[in-house]
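**Q** just need the structure, nothing else, for what follows:
(one chain, ligands or ions: 3)
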Amino acid sequence: MADVWQSAMDHAVAVARKAGEIVRGALKDERTVMTKSCAVDLVTQTDQKVEQLIIQSAKEKFPTHRFIGEESVAAGESCILSDDPTWIIDPIDGTTNFVHAFPFVAVSIGFSINKQVEFGVVYSCLEDKMFTARRGKGAFCNGEALQVSEQADIHQAIVATEFGSSRDPAAMDHIFRSLRNILCLPVHGVRGAGTAAINMCLVASGCVEAYYEIGIHVWDVAAGSLIVSEAGGVLMDVEGGDMDLMSRRIVAANNTTIAERIVKEIVSFTLQRDDAPLQS
Ligand SMILES: O=P(O)(O)O[C@H]1[C@H](O)[C@@H](O)[C@H](O)[C@H](O)[C@@H]1O
Ligand SMILES: [Mg+2]
Ligand SMILES: [Mg+2]
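**A** Ligands and ions are numbered 1, 2, ... in the order given. All right, here's what the predicted structure looks like:
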């Protein structure tokens, strides 16, 4: 039977590469920075331009598909994951990095069917690394197969996380308590690239054992989640159990032992889901 989703994946890879060129080009110019939910939730015209490019080009080829894009949602579009083929787009994952020319910036495109990610594309534009995964067919970086780390001892692990773009004092308190718990296990180190998508590709590549965060959105992790699982890793909710793409919480790890050990140390909290009804 013909592989019906391969042409969508090929298109995602091609448009992510084109988007990456735009991002690299924009780094040479002055960047106009705007804010969204708060003073440290940044957006630029390049985020918006890249999202438009990805959505317009995919709509032309696949007019029946649906789209969830970070900047479209910020502009008021709904964020409902249905069973229909859906492109889940973060045009620039790591906008704060992009604004400061901190060299980890990704274009992230996930594609779901029946609410399951079918393929994921993360293009780390400044490193020129194209991470791809297709359900059941493995994960790759620039065509080379990826494999998570074999480490099962948390004390020998590097764990990635981020502080997010909210500065709500109660949430910060939970975040710092989790961070302290994990650092003092002790682990070898805690790192953060400044982008959920690249952190997940680091798990898939075997460079870090795990990544966790509360506060991410579906567009940050849709593509990366498949890249991690196809590289042999596991996904979990921060309280254990199945990861829910719309819940704004994730643990991605090389194996269940490491994931469950991290879960024990996370001081969890709940945020409004991505698919919560829009407030009027
Ligand atoms: O807004 P962009 O697309 O740059 O993405 C987010 C990152 O991916 C998070 O891990 C990170 O913690 C931040 O919340 C950041 O906003
Ligand atoms: Mg993002
Ligand atoms: Mg973004």
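**Q** can you list the residues of the stretch 101-250 of the chain near ligand 1?
**A** E162, G164, S165, T195, A196, E213, G215, I216, D220 (CB under 6 Å from any ligand atom). Where you see a C-beta, it was placed from the backbone N, CA and C, and this is true even at glycine.
**Q** would you confirm that K115 contacts L81?
**A** Yes: with contacts counted by CB atoms under 8 Å, K115 reaches L81, the gap being 5.4 Å.
**Q** ok, the two, which is more surrounded?
**A** L81 (19 against 13; other CB atoms under 10 Å).
**Q** check contacts around that one.
**A** I68, I88, S112, K115, V218, L245, M246, D275 (CB atoms under 8 Å, 6 or more residues apart in numbering).
**Q** pull out the buried members of those.
**A** I68, I88, S112, V218, L245, M246, D275 (16 or more other CB atoms under 10 Å).
**Q** number of residues surrounding R180?
**A** 11.
**Q** the helix or strand hosting A259 packs against which elements?
**A** Assigned by DSSP states H and E, A259 belongs to helix 256-265. For helix 256-265, the elements it packs on are helix 169-183, strand 210-214, strand 234-236, strand 249-253, judged by 3 or more CB pairs under 8 Å, 6 or more residues apart in numbering; DSSP states H and E.
**Q** compare the ones you listed and give me the one nearest K28.
**A** Nearest to K28 among the helices and strands packed on helix 256-265 is strand 210-214; the distance by CB to CB comes to 30.5 Å.
**Q** next, the angle from that closest one to helix 169-183.
**A** Interaxial angle of strand 210-214 relative to helix 169-183 (axes from the mean of the first three to the mean of the last three CA atoms, to 10 degrees): 160 degrees.
**Q** quick check: mean pLDDT across the helix or strand just after strand 210-214?
**A** As assigned by DSSP H and E, the chain's next helix or strand after strand 210-214 is helix 218-230. Per-residue pLDDT over helix 218-230 has a mean of 98.
**Q** does helix 218-230 reach ligand 2?
**A** Yes: using CB under 5 Å from the ion, helix 218-230 reaches ligand 2 at D220.
**Q** is ligand 1 contacted by stretch 260-274?
**A** No: Stretch 260-274 lies out of reach of ligand 1 by CB under 6 Å from any ligand atom, never closer than 11.4 Å.
**Q** quick one: contacts of that stretch?
**A** 73, 79, 154, 159, 170-171, 174, 177-178, 181-182, 185, 210, 212, 214-215, 217-218, 236-240, 245-249, 251, 253.
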